[in-house]
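Novice: sharing a model prediction with you, sequence too.
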Amino acid sequence: MQAAHGERDPWLDALQAARLLAVDPHGLGGVRVHAGHGPVRDAWLTLLQTLLPASTPMRRLPLSISDDRLLGGLDLAATLHAGRPVVQRGLLAEADRGVIVAAMAERMSEQMAARLCAALDCGEVVLEREGLHDRSRARVAVVALDESTEGDDPPPARLLERLAFRLDLGSLSPVALQGVLDSRPDEDGLSADTEQARQHLRHVRVPDEAIEALCNTALALGIESLRAPVLALRAACAAAALDAREVIDADDLALAARLVLAPRATQWPAPMEPDDASQQQDPEDDAADASQPQEPEPAEPQTEAAAPPSQPGSESAAQSEDRPPPPQADASDDQPEGELTPEMLDALVLEAARAAIPEGLLQQLRAGQAMRQTRGRSGGRAGAVRSSRQRGRPVGSRAGMPRDGARLAVIDTLRAAAPWQRLRAEANLKSATHSGPASASIPRATGARLQAPPKAPPRVQVRASDFRVMRRQERSQTTTVFAIDASGSSALHRLAEAKGAVELLLAECYVRRDQVAVVAFRGRGAEVLLAPTRSLARARRELSGLPGGGGTPLSQGIDSAAALAQAMALKGGTPIVVLLTDGKANVAHDGTGGRAQALADAREAAQRLRLAGHACLLIDTSTRPSADAEDLARRMGAAYIPLPQADAVSMSRSVQAATRAALGSAG
């Protein structure tokens with residue numbers, strides 16, 4: 001299998017990744033396939049299933065799966081029928097030596113991702129709860145189907161870290177691949193080649209230089225996780241096994257770097273130093289040619305046997321057959337087919353990874369860093385999802401009594417009581433035997449005593465310790481508080497755009513049931529122009545009458561927005577403060593003029609807002625990125641977005657991205 005170093009072909013990469021994953025599914029962990037539902041993704045899944053052995057289990061993982069179905073648990077019906085605990089196998093144990101297909105992985109919860117990661121790391125599922133002790137093998141690979149669009153959260157990072165490949169098939173057109181999708185692969189031939197590669201995989205040897213080359217490449221690409229070079233090494237071994245080779249070579253390493261390391265890159269590789277491998281591949285640099293012009297002359301007599309290649313006589317051919325080939329060192333400098341030095345191997349693998357970095361990947365990573373700064377800011381506070389006793393989505397149960405509005409979880413209560421039925425029945429029988437017939441006699445009014453009939457033991461004996469109450473989670477209401485700079489320095493060309501952004505967000509609030517509030521500051525103070533509302537007509541009416549001009553009381557605007565956000569947080573909501581300003585304060589908190597005091601008051605207000613812990617976003621509305629606005633965002637702990645030429649649509653998208661980052665992947 002040769003690695004292509006030229007233009008990247010996403011479908012070719014997908015086919016190569018499928019073959020490598022079929023050879024070593026459990027060692028490579030799996031693959032993330034970023035594509036919507038369609039013929040391209042279905043064709044790739046069909047190919048993977050064709051490459052795997054016929055007996056390989058392939059299970060679908062629904063998002064709403066419970067822990068009992070995923071990990072295993074107590075089979076309540078069988079336990080009540082048998083009178084003893086009966087363990088039910090989970091989905092991970094059923095998929096042992098197989099593949100788990102997780103649809104809509106971008107919506108996967110962190111809890112489910114943690115359970116999949118534990119199975120990928122340990123290769124087994126340990127069940128120790130509800131009086132059960134069971135250990136099952138779960139050597140699985142995960143195919144995470146990512147259907148996220150621009151601005152959506154990706155699948156959990158802990159899961160992606162353990163998957164070797166990251167494929168992007170969303171840009172492939174079914175029309176362009178119509179011939180490939182319609183053709184049926186040679187199932188028997190592909191399966192036979194893959195099966196031979198699996199048998200040959202255990203005989204593949206790994207040189208120390210290969211490990212060093214992959215680690216150096218990962219370091220140059222800014223990859224911090226040690227799992228990445230390990231997965232790349234497993235991919236290189238699988239590539240060598242497909243070609244029936246016992247030692248991995250440079251092509252295998254280049255392919256592994258292109259498929260495994262390049263999609264994980266967080267920085268561009270630094271340019272090579274003069275003493276790096278690139279200098280060894282070329283005969284001499286221009287500077288070396290100028291300083292040492294006579295170096296090539298003494299090298300000619302050393303290769304005298306191979307000097308006259310233009311003479312096709314038998315004498316030169318005989319000499320080349322009798323003596324060992326002297327130009328081995330020169331061949332290693334000219335081409336990577338022979339003995340490669342570690343420096344040349346590092347350069348070859350790094351260049352393959354550099355050429356495979358997707359266009360715009362690093363720019364997207366840098367742009368997403370500002371959005372991720374607010375993630376988790378509301379830890380320990382009322383967030384997007386909060387616990388509730390009576391309303392919300394059920395998320396399991398807990399031990400407790402059904403009081404104060406908590407509802408009894410009947411099935412979980414029976415499940416907790418089922419393992420103890422035999423012991424409780426024996427205890428009741430002993431207590432009935434020790435009590436004697438006198439305890440069962442019933443006094444009559446006439447003084448006679450009659451023997452009462454023995455009571456039949458209850459079919460299911462439930463104790464207070466068995467009670468389970470339902471746990472629920474409900475989504476708290478999100479309120480976006482806009483603090484708009486309506487002063488003369490920025491409002492004349494930004495106020496209309498801010499109004500448009502608020503109206504666009506209000507249109508989406510009808511779907512999400514969120515609220516929007518507007519605080520405007522200008523002149524000598526700030527005022528709440530629009531209280532938290534979802535009414536689009538009211539918002540338009542209030543915003544249309546907002547005038548512009550006057551000074552910039554920035555500190556009062558920040559304090560007013562913070563007070564409104566704090567009031568919403570006390571009601572159980574999730575406030576997000578969006579400040580639209582150029583950062584040029586000229587009115588102090590007490591209403592007096594003076595830029596120095598006004599800037600100092602604004603910085604103190606920004607620090608107070610940061611201590612409040614609300615998610616914040618600062619949109620710089622100046623014509624050029626302002627240092628004052630950036631410093632203010634840093635003091636607020638807010639994501640800083642300079643939008644010197646923004647319109648209402650771009651502002652709305654930025655606020656939506658900040659909202660998703662602040663709320664995380666909850667729900």
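Specialist: That came through, no problem.

Novice: from now on I want contacts and neighbour counts done on CA atoms only, so please keep to that.
Specialist: Noted.

Novice: isn't there a helix covering Val101?
Specialist: No - assigned with DSSP: H, G, I helix; E, B strand; the rest coil, Val101 falls outside any helix and is strand.

Novice: that one: neighbour count?
Specialist: Val101 is flanked by 20 other residues according to other CA atoms under 10 Å.

Novice: where are the low-confidence patches of the stretch 301-450 of the chain?
Specialist: By pLDDT under 70, the weakly predicted segments of the stretch 301-450 of the chain are 301-340, 356-394, 403-405, 432, 434-450.

Novice: now do Pro203: how many residues are near it, please.
Specialist: Let me fix one detail, which is that residue 203 is His and not Pro. His203 has 14 neighbouring residues, counting by other CA under 10 Å.

Novice: for it, phi and psi?
Specialist: phi -100, psi 0 (degrees, to the nearest 10).

Novice: then Ala22?
Specialist: With angles defined as degrees, to the nearest 10, Ala22 sits at phi -70, psi -30.

Novice: that one reaches Thr50, doesn't it?
Specialist: No - Ala22 lies out of contact with Thr50 (CA atoms under 8 Å); the separation is 9.2 Å.

Novice: and the two? Which one has more around it.
Specialist: Ala22 (27 against 19).

Novice: gap between the more buried one and Gly572?
Specialist: 49 Å (CA to CA, to the nearest Å).

Novice: same check, this time on Leu70
Specialist: 33 Å.

Novice: what do you get for Gln111?
Specialist: Relative to Gly572, and taking CA to CA, Gln111 is found at 24 Å.

Novice: more neighbours: the two, which one.
Specialist: Gly572 (18 against 11).

Novice: can you list phi and psi of the more buried one for me?
Specialist: Gly572 adopts backbone torsions of phi 90, psi 10, taken as degrees, to the nearest 10.

Novice: what comes up buried for the helix or strand Ala425 falls within?
Specialist: Ala425 belongs to helix 421-435 when assigned by DSSP states H and E. Going by neighbour count (16 or more other CA atoms under 10 Å), the buried part of helix 421-435 is Gln421, Arg424, Ala425.

Novice: isn't the second one up against Val462?
Specialist: Just to be clear, that refers to Arg424. No - look at Arg424 against Val462 with CA under 8 Å: they stay out of range, at 9.3 Å.

Novice: list residues touching both of those two?
Specialist: Listed as contacting both Arg424 and Val462 by CA atoms under 8 Å, 6 or more residues apart in numbering is no residue at all.

Novice: what's near enough to touch Thr478?
Specialist: Neighbours of Thr478 in contact, by CA under 8 Å, 6+ apart: Ala384, Asp514, Gln515, Gly573, Thr574, Pro575, Ile576.

Novice: cool, and Val481?
Specialist: Val516, Ala517, Val518, Val519, Ala561, Leu564, Ala565, Pro575, Ile576, Val577, Val578.

Novice: of those residues, keep whichever come out buried.
Specialist: In the contacts of Val481, burial by neighbour count holds for Val516, Ala517, Val518, Val519, Ala561, Leu564, Ala565, Pro575, Ile576, Val577, Val578, counting by 16+ other CA under 10 Å.

Novice: identify the bridge partners of the nearest residue to Leu259 once chain neighbours are set aside.
Specialist: Distance criterion CA to CA, 6 or more residues apart in numbering; nearest residue to Leu259, sequence neighbours excluded, is Phe165 at 6.1 Å. Applying DSSP bridges to Phe165 yields these beta-bridge partners: Val31.

Novice: just checking, Phe165 touches Pro25?
Specialist: No - look at Phe165 against Pro25 with CA under 8 Å: they stay out of range, at 11.2 Å.

Novice: the two: who's more crowded?
Specialist: More neighbours surround Phe165 than the other of Phe165 and Pro25, with 33 against 23 (other CA under 10 Å).

Novice: which residues does that one contact?
Specialist: The contact partners of Phe165, taken as CA under 8 Å, 6+ apart, are Ala17, Gly30, Val31, Arg32, Leu259, Val260.

Novice: so the second one sits against Leu145, correct?
Specialist: It stands for Gly30. No - with contact defined as CA under 8 Å, Gly30 and Leu145 do not form a contacting pair (10.9 Å).

Novice: name the residue in those two with the higher neighbour count.
Specialist: Gly30 (29 against 22).

Novice: OK, contacts around that one?
Specialist: Taking CA under 8 Å, 6+ apart as the test, what Gly30 contacts is Leu21, Ala141, Val142, Val143, Ala144, Arg162, Leu163, Ala164, Phe165.

Novice: nearest to Cys237 among the residues you listed?
Specialist: Leu21 (11.3 Å; CA to CA).

Novice: buried residues, whichever helix or strand that closest one is part of. List them.
Specialist: Using DSSP H and E, Leu21 maps to helix 10-23. The neighbour-count check on helix 10-23 (16+ other CA under 10 Å) flags Trp11, Asp13, Ala14, Gln16, Ala17, Ala18, Arg19, Leu20, Leu21, Ala22, Val23 as buried.
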